[in-house]
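1. Got a predicted structure plus its sequence, pasted below:
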Amino acid sequence: MNILAIDTSTQVLGVALLHDDKVVGEVMTNSKKNHSIRLMPAIHQLMEESNMNPNQLDRIVVAKGPGSYTGVRIGLSTAKTMAWALNIPVVGVSSLEVLAYQGRYFDGYICPYFDARRNLVYTGLYQWKENKLDVVKNDINILLGDWLAPLKKEDKSIMFLSPDQQIHEEHIKEIIGERAIIPDPTFHIPRPAHLALAGTLKKADNTHELAPNYLRLAEAEAKWLKAQKDQQNHG
């Protein structure tokens, strides 16, 4: 099976090709550049260098968020368009789950997270069991302090993984103490090859119904809905 994986849900742009669980190729960049301009050239480059054409693809896997609203939309729209055009399945995977793969050999809880501003984070809690990544706590958008308070009571070590580690590291260590495991910087970047592997274990989504998982409304949309509700209440 040939799988193309696409991740533009964070600052990292990543694409990977898998052939029968073997990584054929992987392209990653971690810089503030326009994903919408760079994604298709990256896919084209990867497939060309891997001697593969789109008609040989059997499945497309995409990171569906949470993360950057714009980035998530770019990845989803590209993956769904390609899947529809090629008449092949598409699979959406949590962007946090992809990052949790970086803790593959850690014997404890794994806490991937992305900064969501105003002391909020997108996060979840995972654990590897019997060669399988299990969800301990579902992905959520929450104040970091509210998330850490119950984790403080856990008796396991917790590996924290995030491209935004520097923003929250001090707070995490202050609350969790020595049980907070924070690895080297290279572990905090999600790999598209892990996204592809995760996608092999999941059922295909309906191409037209696959939607971004923002975990919260975009600020502009939230304000618009609030304005509409206020208007109805005063109407």
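-> Perfect, thanks for sending it.

2. Quick check on Lys22: phi, psi?
-> For Lys22, the backbone dihedrals (degrees, to the nearest 10) come out as phi -100, psi 130.

3. Quick check: beta-bridge partners of it?
-> His19 (DSSP bridges).

4. For Leu197, see how far away it is.
-> Per CB to CB, to the nearest Å, Lys22 is found 11 Å from Leu197. The C-beta positions use only the backbone N, C-alpha and C, and glycine is treated the same way.

5. quick one: which of those two has more around it?
-> Comparing Lys22 with Leu197 by other CB atoms under 10 Å, the one with more neighbours is Leu197, at 22 against 8.

6. Need the three-state assignment for that one.
-> Using DSSP: H, G, I helix; E, B strand; the rest coil, the structure places Leu197 in helix.

7. Next, the contact list for it, please.
-> 18, 21, 101 (CB atoms under 8 Å, 6 or more residues apart in numbering).

8. ok, 6 Å please
-> By CB atoms under 6 Å, 6 or more residues apart in numbering, the contact set of Leu197 is empty.

9. Wasn't Met82 part of a helix?
-> Yes. The assignment for Met82 (three-state DSSP) places it in a helix.

10. Which residue, other than its chain neighbours, is closest to it?
-> In this structure, Met82 finds its nearest non-sequential neighbour in Ile60, 5.7 Å apart by CB to CB, 6 or more residues apart in numbering.

11. Walk me through which strands the host helix or strand of that neighbour pairs with, and which way each runs.
-> Assigned by DSSP states H and E, Ile60 belongs to strand 59-63. The strands that strand 59-63 pairs with in its sheet are strand 2-7 (parallel), strand 90-93 (parallel) (by DSSP bridges).

12. so which of these comes closest to Leu201?
-> In terms of CB to CB, the element of those nearest to Leu201 is strand 90-93, at 9.2 Å.

13. CA atoms of the closest one as CSV?
-> Extracted in CSV, the C-alpha atoms of strand 90-93 (Å, rounded to 0.1, in the frame of the first residue of the first chain):
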residue,chain,number,x,y,z
VAL,A,90,-8.6,9.8,3.0
VAL,A,91,-8.0,9.5,6.7
GLY,A,92,-7.9,12.4,9.2
VAL,A,93,-5.6,12.0,12.3
